[in-house]
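Visitor: A predicted structure for the sequence below; I have some questions about it.
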Amino acid sequence: MNMGVLGGTFDPIHNGHLIVAEETRTRLNLAEVLFVPAGQPWLKTNVSILPAEHRVQMVRLAIADKPYFKLSTIEIDRAGLSYTVDTIAELQAQLGAGDELFFILGWDNLAELPQWKEPSRLIKMCRLLVVPRVGYPIPDLKPLEAIIPGLSEQVVLLDKPEVDISASVIRQRAAQGLSIRHLVPKPVDEYIRRHKLYVT
């Protein structure tokens, strides 16, 4: 079984995340896509994010009617900072023989990969499914390959989908009392309004 892994703060989860998950699932024939909300992302230690229970519940609501999408609280349940390599190692230990993990990330994230914890170990445990990020150029694998040998063989570069939805814009709109109905699934919109999330 091939499984996609889509990590993120999901603050909040939005339609762009679902589009990326569905596109990668169908194009790579993945059995399912696992949504992994971050505990405390190491790249965002100085950034305020919603408590985990709200972010997890929004993911649960967003994927409730999508049988190919699953929720994992593996990073929320693990103490300390969240590192992708630790998450992938834990997930890989649960796989059967012949199963493969595909970690989904954006063009912008791939450029930062040398800064991640143990990137050489990470690429030995999973393939990297790299999707477009509006406003960012397609990654040049040559300089990355020089830093992380073997990377090119583990990367699947996709040219679609091009999604221009940002969680920061959603938070700003919610804070201003503007509609976010076209940006997030309906149950997530209702949850945000009911709990008055992002209202300053």
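Guide: Structure received.
Visitor: what segments of this protein are helices?
Guide: 15-27, 52-63, 74-77, 84-93, 107-111, 119-125, 141-147, 151-154, 167-175, 186-194 (DSSP state H).
Visitor: which strands and helices lie in contact with the fourth one?
Guide: What it means is helix 84-93. The contact analysis (3 or more CB pairs under 8 Å, 6 or more residues apart in numbering; DSSP states H and E) places helix 84-93 against strand 2-8, helix 74-77, strand 100-106, helix 119-125. From N, CA and C alone the C-beta is placed, and that goes for glycine too.
Visitor: as JSON lines, those with mean neighbour count and mean pLDDT would be great.
Guide: What follows is the helices and strands packed on helix 84-93, written out as JSON lines (neighbours: other CB atoms under 10 Å; pLDDT from 0 to 100):
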{"stretch": "strand 2-8", "mean neighbour count": "22", "mean pLDDT": "96"}
{"stretch": "helix 74-77", "mean neighbour count": "16", "mean pLDDT": "94"}
{"stretch": "strand 100-106", "mean neighbour count": "21", "mean pLDDT": "96"}
{"stretch": "helix 119-125", "mean neighbour count": "17", "mean pLDDT": "97"}
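Visitor: mind checking which of the ones you listed is nearest Leu34?
Guide: In terms of CB to CB, the element of those nearest to Leu34 is strand 2-8, at 5.0 Å.
Visitor: so how far is that closest one off the chain centroid?
Guide: In terms of CA atoms, centre = their mean, to the nearest Å, the gap separating the centre of strand 2-8 from the centre of its chain is 7 Å.
Visitor: equivalent analysis for stretch 116-127, please.
Guide: Here stretch 116-127 shows a centroid-to-chain-centroid distance of 16 Å under the convention CA atoms, centre = their mean.
Visitor: pull the residues that contact that stretch.
Guide: Contacts of stretch 116-127 from elsewhere in the structure, counted by CB atoms under 8 Å, 6 or more residues apart in numbering, are 5, 42, 83-86, 88-89, 92, 100-103, 113, 148-151, 154-156.
Visitor: go again using 6 Å as the cut-off
Guide: Stretch 116-127 is contacted by residues 83, 85, 88, 92, 101-103, 113, 148, 151, 154, 156 when judged by CB atoms under 6 Å, 6 or more residues apart in numbering.
Visitor: any idea how far Ala31 is from Arg55?
Guide: From Arg55 across to Ala31, the span is 25 Å (CB to CB, to the nearest Å).
Visitor: between the two, who's got more neighbours?
Guide: Arg55 (22 against 11; other CB atoms under 10 Å).
Visitor: look up the pLDDT of that one for me, please.
Guide: Here, the pLDDT recorded for Arg55 equals 97.
Visitor: please report how far it lies from His14.
Guide: According to CB to CB, Arg55 stands 12 Å off from His14.
Visitor: how about Leu34?
Guide: Counting by CB to CB, the separation of Leu34 from His14 is 18 Å.
Visitor: since that was my last question, I'll sign off now.
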